[in-house]
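Q: Generate coordinates for the sequence data below:
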Amino acid sequence: MKRLWVLLMIATFSIALLGCGNSGKNENQQKNETVRVAIDDKESLKSQESSQADNVKGDLTIKMLNVGQGDAILIQTKSQNILVDTSDTDERDKLRAELDKAGVKKIDKLILSHAHADHIGGAKLVIDDYNVKEVYNDGTDRGKYNVYKGYINAAEKKKIPVKTLQAGDKLNFGNKVSFEVFYPTEELRAKFAADKDYNDTSIVGKLTYGNFSMLFTGDAEKVAENEQLNSSYKKKLKSTVLKAPHHGSKTSAGADYIKAVSPECVVISAGDPSDPTGSGNSYGHPHNQALNSYIKNGGVDKKNIFWTFENGTITITSDGKNWSVTTEHKSDWINNWLKNKK
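A: A predicted model of the protein is given here:
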């Protein structure tokens, strides 16, 4: 009987050991699986991001044209030319020279962010002298404003459709390059247009090509930024490159907005700050408040903040995975600017 009891105890202990051994193995498996999932998730997130590299040869080229104080951005895919804004009326010769230098003969889509002269000033010239297929604007009717009337009449004369862009619209730029509009809604456009706050009627949209993206912002200020943060598009704001809102003004670049965009690169269009004449940069753009917001809130490296006045035309190239920036002029302007400007 005693022998039987001993055998039973040995059997029970062996089963317990086997159970413990299996349990230990399962815990290790679970740990390994957890680690593997974490790595896979990290790799998945990493695969959704584009990387900066040198001299990327890609099918997408974006040029922030050196046209002075106004905005003019040329987007070129393998099948389309898209021009976002057209600089000011007294910058039309600069615009023509930049477009000719880029070999532009036709413009498939002309997008005018909002009805201020430093964005639509060259629109009539472009419609008159280039083969424009479609025109898009923010839908604000400024019928008594000569610069606005000029391009609207030019488009009508050539029977070019003028369409409104608002939140939710999507455009195809060709070759898997898309553009989604985040702002404004019809209601917000009407509200700010009635207040003659045309900066905050600016079209804001995101260009996407594979893992690369760029956020276009017109002259949107903090009010418009906050509207986007409070919209369903907040999670879509994250972009590789940011077109600085309102020429790098302190009236834009709110902390929460720049955190949401979290760009790797910022490009600024602004003219000579020592030239207050015409459309010159009498505003002192870019403002230090905005520059510091890009750096502190967005985590942007200073070397990846570019300004047309200092760097000339800024060219971004992407193959959908990697991207690179080249400029006409190399300049370490930002440290002195931050040091000497209030």
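Q: Show me the shaky parts of the stretch 201-342 of the chain.
A: Along the stretch 201-342 of the chain, the model assigns pLDDT under 70 to residues 276-279, 341-342.
Q: what do you get if the cut-off is 80, keeping everything else the same?
A: Applying pLDDT under 80 to the stretch 201-342 of the chain flags the ranges 275-280, 341-342.
Q: What are the boundaries of the helices in it?
A: Counting by DSSP state H, counting those that start in this stretch, the stretch 201-342 of the chain has helices at residues 222-229, 255-261, 288-296, 308-311, 333-340.
Q: Kindly reformat these as CSV and extend each row with mean neighbour count and distance to residue 94.
A: Backbone N, C-alpha and C define where each C-beta goes, glycine included. As requested, those are exported to CSV (neighbours: other C-beta atoms under 10 Å; distance: least, C-beta to C-beta, whole Å):
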stretch, mean neighbour count, distance to residue 94
helix 222-229, 20, 28
helix 255-261, 20, 28
helix 288-296, 19, 24
helix 308-311, 22, 10
helix 333-340, 13, 20
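Q: Quick one, which of those gets closest to residue 200.
A: helix 222-229 (4.3 Å; C-beta to C-beta).
Q: pretty sure residue 187 is in a helix, no?
A: Yes - counting by DSSP: H, G, I helix; E, B strand; the rest coil, residue 187 is located in a helix.
Q: ok, how many other residues are close to it?
A: Residue 187 is flanked by 10 other residues according to other C-beta atoms under 10 Å.
Q: List the residues that contact it.
A: Residue 187 sits next to no residue when contact means C-beta atoms under 8 Å, 6 or more residues apart in numbering.
Q: Let's have the helices of the stretch 201-342 of the chain in a markdown table, adding distance to residue 203.
A: Below are the helices of the stretch 201-342 of the chain laid out as a markdown table (distance: least, C-beta to C-beta, whole Å):
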| stretch | distance to residue 203 |
| --- | --- |
| helix 222-229 | 10 |
| helix 255-261 | 16 |
| helix 288-296 | 20 |
| helix 308-311 | 20 |
| helix 333-340 | 28 |
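Q: Can you say which of the ones you listed is nearest to residue 86?
A: Checking the helices of the stretch 201-342 of the chain against residue 86 by C-beta to C-beta gives helix 308-311 as the closest, at 14.7 Å.
Q: residues in contact with the closest one?
A: Helix 308-311 has contacts (C-beta under 8 Å, 6+ apart) with 64-67, 267-273, 281, 314, 327-331, 333.
Q: Among those, name the buried ones.
A: For these, a neighbour count by 16 or more other C-beta atoms under 10 Å gives the buried set as 64-67, 267-271, 273, 281, 314, 327, 333.
Q: What segments of the stretch 201-342 of the chain are strands?
A: Using DSSP state E, counting those that start in this stretch, the strands of the stretch 201-342 of the chain run over 204-209, 212-216, 241-243, 265-268, 305-307, 314-318, 322-327.
Q: want to throw those strands into a markdown table with distance to residue 297?
A: Output for these, formatted as a markdown table (distance: least, C-beta to C-beta, whole Å):
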| stretch | distance to residue 297 |
| --- | --- |
| strand 204-209 | 18 |
| strand 212-216 | 15 |
| strand 241-243 | 11 |
| strand 265-268 | 12 |
| strand 305-307 | 13 |
| strand 314-318 | 22 |
| strand 322-327 | 21 |
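Q: what bridges to the residue positioned nearest the centre of the chain?
A: Per C-alpha atoms, centre = their mean, the C-alpha nearest to the average position across the chain is that of residue 215, at 1.5 Å. Note on residue 215: beta-bridge partners by DSSP bridges are residue 206, residue 242.
Q: Would you mind confirming that it makes contact with residue 239?
A: Yes - assessed by C-beta atoms under 8 Å, residue 215 is found in contact with residue 239 at 4.0 Å.
Q: list residues touching both of the two?
A: Residues within reach of residue 215 and of residue 239 at once, by C-beta under 8 Å, 6+ apart, are 206, 261, 263.
Q: mind giving me a markdown table with those residues and columns for distance to residue 102?
A: Below are the shared contacts of residue 215 and residue 239 laid out as a markdown table (distance: C-beta to C-beta, whole Å):
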| residue | distance to residue 102 |
| --- | --- |
| 206 | 23 |
| 261 | 27 |
| 263 | 24 |
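Q: Residue 246: which of the residues you listed is nearest?
A: Nearest member of the shared contacts of residue 215 and residue 239 to residue 246, counting by C-beta to C-beta, is residue 261, at 14.3 Å.
Q: I'd like to know which of the strands of the stretch 201-342 of the chain is closest to residue 120.
A: Within the strands of the stretch 201-342 of the chain, the stretch nearest residue 120 is strand 212-216; the backing value is 15.1 Å (C-beta to C-beta).
Q: That closest one vs strand 204-209, what angle?
A: 160 degrees (axes from the mean of the first three to the mean of the last three C-alpha atoms, to 10 degrees).
Q: Return the distance of strand 212-216 from the chain's centre.
A: Relative to the centre of its chain, strand 212-216 is centred 3 Å away, using C-alpha atoms, centre = their mean, to the nearest Å.
Q: try stretch 259-276
A: Mean-position distance between stretch 259-276 and its chain equals 12 Å (C-alpha atoms, centre = their mean).
Q: and what of stretch 175-192?
A: So, by C-alpha atoms, centre = their mean, the centroid of stretch 175-192 is 13 Å from its chain's centroid.
Q: can you check stretch 224-231 too?
A: On the basis of C-alpha atoms, centre = their mean, stretch 224-231 sits 15 Å off its chain's mean C-alpha point.
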